[in-house]
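> sharing a model that was predicted from the sequence below.
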Amino acid sequence: MKWTEMEVEQPTVMTMLRQAVKKDRLSHAYIFEGMHGSRKEEAALLMAQSIFCARQTEGRPCESCVECKRIAHGNHPDVMFLHPDGDSIKKAQVEALQKEFTYKGMEAGTKVYLVHQADTMTASAGNSLLKFLEEPASPTMAVLLTENAHFLLPTIQSRAQRISFAPPLLSTRTAYFQEQGMSPASAGLLARLPDETLANYEEESKEWIVQGRALVIQLISEVQQRPQQALLTLQEKWLVHFKDRKELDIGLDLLLFWYRDLLSVQKAGGEFAYPDQMQKLESQALSITEQEIAASMQFILDAKRRLRANVNNQLLMEQLVLHLQEGS
Amino acid sequence: MENRIIFLIDMQSFYANLEKLAHPLLTDKPVVVAGDPSIRSGVILAACPTAKSYGIQTAEPIWQAQNKCPHVHILKPHMQFYVNVSVTISSFLEQYSAAVEPYSIDEVFLELPAMEQGKAEQLAQHIKQRLLREIGVQARIGIGTTKVYAKMACDHFAKESRTGTAVLNDANAAELLWPLPIGRLFSVGNRMETHLLNMGIRTIGQLARHPLYDLKKRWGINGELLWQTARGYDTSPVSPSTHQKRKSIGHHMTLPRDYYHWSEIKVVLRELSEEVSRRSRQHTSLGQVVSIGAVGQEYGFKRSFHRQQRLFEPTNSGRVIFETASALFKEYWDGTPIRSLGISLSSLQPAHYKQLSLFDTDEDLDSLYHTIDQLKDKYGMDAVLHASSLSPAGQAMIRAKKIGGHYK
Amino acid sequence: MHFTIQRDAFVHSVQHVNKAVSSRTTIPILTGIKIEATNYGVTLTGSDSDISIETFIPASDGEKEYVTIKEEGSIVLQARFFAEIVKKLPGEEIEVAVQDQFATTLRSGSVVFNLNGLDPEEYPRLPQLDEDNHFQMPQNLLKDMVRQTVFAVSTQETRPVLTGVNLEGEESELICTATDSHRLAMRKASVETKTGAMSLSNVVIPGKSLNELNKVLEDSTELVDIIVTESQVLFKFENLLFFSRLLDGKYPVTKNMIPDHAKTELVLRTKELLSSLERALLLSREAKNNVINLKTMNNSEIEVSSVSAEVGKVTEKISCDTMEGEELRISFNGKNIMDALKVIDSETIKIRFTGAMSPFTVQPTDHDQMLHLFSPVRTY
């Protein structure tokens, strides 16, 4: 039973959802916010099941009736899934969604929309979704899934109920990757990275992540000591390694972990993403203030946000490196 | 006849410089734009001044350019981007005069009200600086009393001039233009050059002094045109309609400071939309394509985008233009602080007809717009404004005064 | 499930339902055709979620045996293959049998196909026949009503509800309305209600669905049952059911838009006006605005004209059967008027104007069941 499994992993969220279904107090728009690996996708599916399930008990779906099966298999005509096709949710997908908004449901009753990686929606898609959420003609519910609700339009954020998922336990994940034969250093990084991105890499990802990790360490020390060299490294190595938007996103995550580690050093504690680099981290932590670290992390988060807005990758990294130099 | 003032504004190394705008790190590097960089025999479409300093010329094959300068950066062209910027420039120039005629993608004629030559040169400098600051393009400006003088002033003298501007008119043509070899006369190609050389005409001056009847006898109307060109005669007007591509009405603003927030930018977009809407009513035009251009600056890097959207039906309503432009802006803005903004309406058609709706009657809105236009015509551009224009972000009040003081 | 069936009847039926199946669907199960066998016969269903078609092949119709049922049951088979396969099977009979795990065997003559089926439980459920809003009309009348209104629906998505035809029903009168906000087509008919008084409002059927329905409708006086449910409308023919999802949202109130008075009233011959507009449009089409000018003259004549700056001008005089009221000059989209004239079967029409800037109506003279409304074009 997936619901019971999820109740172990995300007790707060699942109880809240169960109560809402049970008492028939569902909101018409939710934002499910949580890291990859927090299984928010499964929670969304389970919630849809419990809305339609004929044998739902105490807000929990039976997961075996026809309704539950149809939803799990994507066969329910009134439960629509939207996954980004490539980098973002495409215009044709949005058009299909918009068309769907204008029709009544097929089997009457509620219509449910599950939008995965909702932050990849373009503003126009977001706006039409919003317009629909504001004046739904028939009973409808939309669940927007995202890693970070701040990536959504503010107008959407304010109209939806936000449900925050707890991050998956880091130690469990690190142990898993070590079992898979990764070095402790790489396993620590992999454990911090999104499940979905890793799924695409599998075997090669081991080597790739090890190299990426080395690049982060190189780039950071150049940012501090040899600014001119850093731009060259970007051009010659970084952008060659982190080729597309998705890969660059991972690269930015790896950078972010480094600054998080710096913060942990200053605060004397925490789980380190780069435990084997303690010497470097410690010496760097001496020459940088907490505010500067925070500013740098903000720059990286900004870069991640702008990565979604069709910004030229090279330009984005160049600007980021200059910002980081300024901050350090 | 009163002396005309015509500018030919030529965007220097247009493609290559726009690419540099998009890739700021290449600013000081030699950059060329070539049809297909992966094919070594591809042809150079444009070269930046740095590349040219290595002896690289446009239209030569890539391999030749690479021999001259092995580390030259070769980029693919982005024509839509260049066209969008070109349209933005034309709209920008409309602030100075309605007589704007794009001559090619990187050359525009602009005819101004009569003024002293010194004033004209000052204005040329001013436009040059604004183009660089607000759109990011380097321009050269030829100033003439006719279009051919302006064109040749730009081609032959503005390039060498330290200021990037040059003046050509009847008073200085004999001294400056006439000594030049005949091949440099505007409209003279290779074959015509050979013909003229065979006739013993080696300089522009010799042609200008050549008997007209002889040229007419040889080449008919074309002979006369040639003679007129050498003498700088050209009565053709600078008019948007002489060029098919010139089909937009636009307005552009440079902001007094960087705008960071949508709430501020929105105010300016509304002002721009209302102005474009007013001008299209003035031209009794409707447009079906709304374009937006924005230039931002962050950390010393200039970033710009130009996007357009086709509407379901042609409009000149400020509200529709604003809504469309806002949606475009929000979709493509990455949060970079904004320096300047422009909106234009293109795919124009005469507004002689308007299909009325069965539902909401736009009657009221139409008469409202009509009244607002009349008030503005009579009492000035700041006579009637959206309330939002009174917020600190608004520009309409200040601009209504400034432009009046400057150019009236 | 296990049955044998007459090949020709089966092929015919499969082709019907296959029309509703789309390869572009995002719902996996809808790539299939559902087959259900009961002791009464075999039911086939195809759907793209917007429209669904269900056909029924009875076990026998009294004269002929079509199906022999050995075991009741159901299955969903991939439409793309299934429809092609049954067409190409050699024998006169086809045997269909489902084994474990939805594995299905098609046997005909000496040919055997083994196909992987899908779980029929997962197929969408079509609405049950609700007896509340149930009425009947002859097929040819329905066909007319669709033809005479659907052309006027909006093709723009800016106001989605206008892409459909609105059904209103009171007592035994059915009113269909379509508008794209520049023109409106309205058609009334009296229908047989099956359940006492009918009360329909805001039932908006997508124009696209009605165009599909039109392909199924025949020019016969046989009755078709129409049943409106909460989310779908059903057209019930003998052995064929056509379902369409309804559009969501509020259809604008159009009743009060129709003027109840006239300042100028003309009666003229439909064909004559139609061909005159066709000629005038030759020029205004060039100007891409389809604008036609109309002017009343003395002696019951009107002048129809059109101008294209590049090409030239055309004027034509038409004499009216009757002309009453004020003098008038008006401009309108000639293409819209032509569309309406083409669906008016009456020989003469009545045009009622209420002023140069106000909507006007075009109606047949031989009955009052149809009305077309237009907003004019303002010229500057």
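Looks like it came in fine.
> around the one residue in the stretch 1-150 of chain B that gets nearest to chain C, how many other residues sit close by?
The minimum distance from the stretch 1-150 of chain B to chain C, using Cβ to the nearest Cβ, falls at B:A98 (20.3 Å). For every residue, glycine as well, the C-beta is placed using N, CA and C. Neighbourhood size, B:A98 [other Cβ atoms under 10 Å in any protein chain shown]: 16.
> now do the SS call for it.
Here B:A98 is coil, with the state taken from DSSP: H, G, I helix; E, B strand; the rest coil.
> could I get the phi/psi values of it?
phi -80, psi -20 (degrees, to the nearest 10).
> okay, it: pLDDT?
Note on B:A98: pLDDT of 79.
> just give me the neighbour total for the residue in the stretch 151-300 of chain A that chain C sits nearest to.
Nearest to chain C, among the residues of the stretch 151-300 of chain A, is A:R159, at 19.1 Å (Cβ to the nearest Cβ). Using other Cβ under 10 Å, the number of residues around A:R159 comes to 17.
> surely it meets A:F132?
No: proximity of A:R159 to A:F132 does not meet the contact threshold set by Cβ atoms under 8 Å, at 10.8 Å.
> what does the stretch 251-400 of chain B have sitting close to chain C?
Residues of the stretch 251-400 of chain B found near chain C (Cβ under 8 Å from any Cβ of the partner chain) are B:284, B:312, B:349, B:351-359, B:363.
> need those residues in CSV with pLDDT, secondary structure and neighbour count, can you?
Shown next, in CSV, are these (pLDDT from 0 to 100; DSSP: H, G, I helix; E, B strand; the rest coil; neighbours: other Cβ atoms under 10 Å in any protein chain shown):
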residue, pLDDT, secondary structure, neighbour count
B:T284, 79, coil, 11
B:F312, 74, strand, 11
B:Q349, 79, strand, 15
B:A351, 76, coil, 17
B:H352, 75, coil, 18
B:Y353, 78, strand, 19
B:K354, 80, strand, 19
B:Q355, 82, strand, 20
B:L356, 84, coil, 20
B:S357, 84, coil, 14
B:L358, 85, coil, 19
B:F359, 83, coil, 15
B:E363, 59, helix, 12
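> in TSV: the residues you listed, plus distance to chain A.
Formatted as TSV, those follow (distance: Cβ to the nearest Cβ, whole Å):
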residue	distance to chain A
B:T284	31
B:F312	15
B:Q349	26
B:A351	28
B:H352	32
B:Y353	30
B:K354	27
B:Q355	24
B:L356	26
B:S357	20
B:L358	21
B:F359	18
B:E363	27
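> ok, B:Y369 - contacts?
Taking Cβ atoms under 8 Å, 6 or more residues apart in numbering or on different chains, we find B:Y369 in contact with B:S277, B:R278, B:R281, B:S317, B:G318.
> and the first one, that's in a helix?
If I follow you right, that is B:S277. Yes: B:S277: assigned to a helix according to three-state DSSP.
> pLDDT averaged over the one helix or strand B:S273 maps to - what is it?
If you go by DSSP states H and E, B:S273 is part of helix B:262-282. Mean pLDDT, helix B:262-282: 90.
> quick one: strands adjacent to the next helix or strand along the chain from that helix?
Counting by DSSP H and E, the element after helix B:262-282 in chain order, helix or strand, is strand B:285-298. Here strand B:285-298 has these sheet partners by DSSP bridges: strand B:301-315 (antiparallel), strand B:338-350 (antiparallel).
> lowest average pLDDT across those strands?
Among the strands paired with strand B:285-298, strand B:301-315 scores lowest, at a mean of 79.
> so how far is that one off the chain centroid?
Relative to its chain's centre, strand B:301-315 lies at 17 Å (Cα atoms, centre = their mean, to the nearest Å).
> one more: stretch C:140-157?
The answer for stretch C:140-157 is 6 Å, by Cα atoms, centre = their mean.
> follow-up on the earlier one: figure out which of the strands paired with strand B:285-298 is closest to C:I53.
strand B:301-315 (32.7 Å; Cβ to Cβ).
> so what does whichever residue of the stretch 151-300 of chain A sits closest to chain B have for phi and psi?
In the stretch 151-300 of chain A, the residue that lies nearest chain B is A:L231 (7.0 Å; Cβ to the nearest Cβ). Per-residue torsions, A:L231: phi -70, psi -40 (degrees, to the nearest 10).
> name the nearest residue to the closest residue to chain B within chain C, ignoring sequence neighbours.
Closest contact between chain C and chain B, by Cβ to the nearest Cβ, is at C:S375 (4.2 Å). In space, and not counting its chain neighbours, C:S375 is closest to B:L356: 4.2 Å by Cβ to Cβ, 6 or more residues apart in numbering or on different chains.
> which residues touch that neighbour?
Residues near B:L356 by Cβ under 8 Å, 6+ apart: B:D362, C:H182, C:M357, C:S375, C:P376, C:V377, C:R378.
> could you redo the last one with a cut-off of 10 Å?
B:362-363, C:181-182, C:332, C:357-359, C:374-378 (Cβ atoms under 10 Å, 6 or more residues apart in numbering or on different chains).
> what do you get for C:V21?
With Cβ under 10 Å, 6+ apart, C:V21 has these contacts: C:30-33, C:45-48, C:52-53, C:78-80, C:82-83.
> how about a cut-off of 7 Å?
Shown in contact with C:V21 (Cβ atoms under 7 Å, 6 or more residues apart in numbering or on different chains): C:I33, C:G46, C:D48, C:A79.
> which stretches of the stretch 101-250 of chain B form helices?
B:117-130, B:147-152, B:170-176, B:190-198, B:204-209, B:212-219, B:221-230 (DSSP state H, counting those that start in this stretch).
> mind checking how far the third one is from the chain centre?
Which is helix B:170-176. On the basis of Cα atoms, centre = their mean, helix B:170-176 sits 27 Å off its chain's mean C-alpha point.
> one more: the first one?
Chain-centre distance of helix B:117-130: 15 Å, with Cα atoms, centre = their mean.
> pLDDT of it, averaged?
90.
> domain assignment for chain C?
Following automatic domain parsing, chain C resolves into domains at C:2-122, C:133-255, C:259-374.
> er, chain A I mean
A:2-164, A:175-327.
> what segments of the stretch 101-250 of chain A are helices?
A:123-134, A:154-159, A:170-179, A:184-192, A:195-199, A:202-225, A:227-233, A:239-241, A:245-266.
> cool, thanks, signing off.
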